[in-house]
Every structure is written in C-alpha cells, then in structure tokens.
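Participant: sharing a model prediction with you, sequence too.
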Amino acid sequence: MKSSLLLFIFLPALINGHGCKGCVPLDMLTFDKMVNSFQFSLVKFDTAHPYGDKHEQFSFLAVDASPVENLLVGDVGIKDYGEPENVDLAERFAIRKNEWPAVLLFRRDSDGSLEHFRYRGHQFTSEAIKSFIKQHTGIVMAVSGTHEEFETLADQVFKVKEKKWPEILQQMKEKAGNITEPEEKKKADEYVNTMSNLMDKGQLWLKNEIQSTKQQMNAGHVKELERKRLRDKYNILKTFGSHAPPRIRDEL
C-alpha cells in the first residue's frame, strides 16, 4: 500500500522522467524515501541528460518492469558542472564519472536492512540486466513481445532435425488459432510467420532478417512505437536463432 501511494504521488515523474518511460527520477531528497519503500529497487546513475544505446536499453527494461509491483526502477541524473546535482549520491555509492551509466540493485531484507549489488556485466542490454535482477531477486520478467508457449517451440527449432519443423509449425498454428486477445494474437502470428519463412526461405533468410531488424531498430529516426514493434520482432527472431549455426548466432 505504501509503495503504491508513493507511485501515485510520483506518477508524473515516472511517466516522463529523464526521457525514460517507467523510470522514477531520484535525488538526495527522494532517494532513501523511495528505495526504502520497495522490496527491490533498480537504479541507474547517469548524466543528467542521458542518451544513446545504454540509456535506450535501460528504458526498454523500465517498460518491461512496470507490471512488477515490488520493483522500483529509478534514475539518478548527475550534473557535475555549474550547479551540481546528485554528485553526493554518486559519491555515496563510489560511482565515478567514467563509470556512468552505473546500475545498482537494492534489496530490502526481512529485518529492514538494505543491501545493494552493482551490475558489472559485459553487455549493457535489457535482457542481460534482467538476468542480473533474477539472480538477486528471483524476479522473472517477460521479454517484450514474446509469448511463453511459443518461445518454448521456437527454442526447439535448431535442436531438432529439419524434418521435424513441419510439426513445430503445426503446433504453432494450432496454438495461434486458440488465441482471441488481439495483442497476444499478434505475437502468435509473428511466430507462425517466422517459422513459415524459415522453412520456405532457409537459414540465410533468418540471418538477413535478424540483421535487417537490428539495423532498423537502431536507426536514429525511428519513432518510439515503431522501435518497440521492431524490438518485439527482434526478440522473437533471437529465440529462433539462439541455437542456430554460428553464422546466424553471430548476428544476435
């Protein structure tokens, strides 16, 4: 109840904070109040005006984390020139400027004590940080645009012989035929279309499609809604390619 009330109070900031939809902007006045109100808090320390791939990946994560009630996603914007902002917060957690963006995960234990873990992964991607969150909290977040049942089938494609592929496609079609909810139906159709194209056009098609989708997704002029559609499509392609031959996996 307490965390829900705080989220209501900070809702305008949560929606628009620092160009990160789903992030709550934090400073010296709000940091402890917010972090101590949630069981888990994921906080990014970065420049006051963040941009680029890492900020975008964190923004993707914030959207995917929004349904998780006991996880706060926060953003500390640091300004170390003119009138400094949040420099003291960065110093408190020993975060140097050359380490921005730095991501810390805070966990409030049953006795009320707070401990934190720093993300030190080699890849700064939403999926890598999700694995880090799962490791320390047990929270499993869905990958944007994917469907659990179809993920299981797509994951099997390159684990079986090609003569088994028609069976996988048939299972996908049957499952898709039972889905009525529009958004879930869109996801299901994407799996079916990907499987059909893979069977008709071959592995080279999958490699080219992954490469093309990545390029479109990372293009600077793409609008947010289209970027999300491309990211969802890429996440599905990534599952199909996760056990593919190296020449395809290298594109992931």
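Facilitator: Great, that's in hand.
Participant: from here on, just use CA atoms for contacts and neighbour counts.
Facilitator: Fine.
Participant: quick one: Arg96 and Val87 touch, right?
Facilitator: No - counting by CA atoms under 8 Å, Arg96 stays clear of Val87, with 9.6 Å between them.
Participant: list the contacts for Ala48?
Facilitator: The neighbourhood of Ala48, defined by CA atoms under 8 Å, 6 or more residues apart in numbering, consists of His18, Val76, Gly77, Ile78, Lys79.
Participant: excluding its backbone neighbours, what's nearest it?
Facilitator: Gly77 (3.9 Å; CA to CA, 6 or more residues apart in numbering).
Participant: who's the one you found bridged to?
Facilitator: Asp46 (DSSP bridges).
Participant: burial count for it?
Facilitator: Using other CA atoms under 10 Å, Gly77 has 23 other residues around it.
Participant: tell me the buried residues in stretch 60-72?
Facilitator: By neighbour count with 16 or more other CA atoms under 10 Å, stretch 60-72 contains the buried residues Phe60, Leu61, Ala62, Asp64, Ala65, Ser66, Leu71, Leu72.
Participant: could you report the pLDDT at the fifth one?
Facilitator: By that I understand Ala65. With respect to pLDDT, Ala65 has a value of 92.
Participant: that one touches Met141, doesn't it?
Facilitator: Yes - with contact defined as CA under 8 Å, Ala65 counts as touching Met141 (6.7 Å).
Participant: where along the chain do the helices fall?
Facilitator: 2-9, 11-16, 31-35, 53-65, 87-92, 126-137, 148-156, 165-177, 182-201, 203-217, 224-241, 246-249 (DSSP state H).
Participant: which one of those helices lies closest to Arg108?
Facilitator: Between Arg108 and the helices of the chain, the shortest separation by CA to CA is 8.6 Å, and it involves helix 31-35.
Participant: residue contacts, the residue nearest to Ala48?
Facilitator: His18, Pro25, Leu26, Asp27, Phe45, Asp46, Thr47, Ala48, His49, Pro50, Glu85, Asn86.
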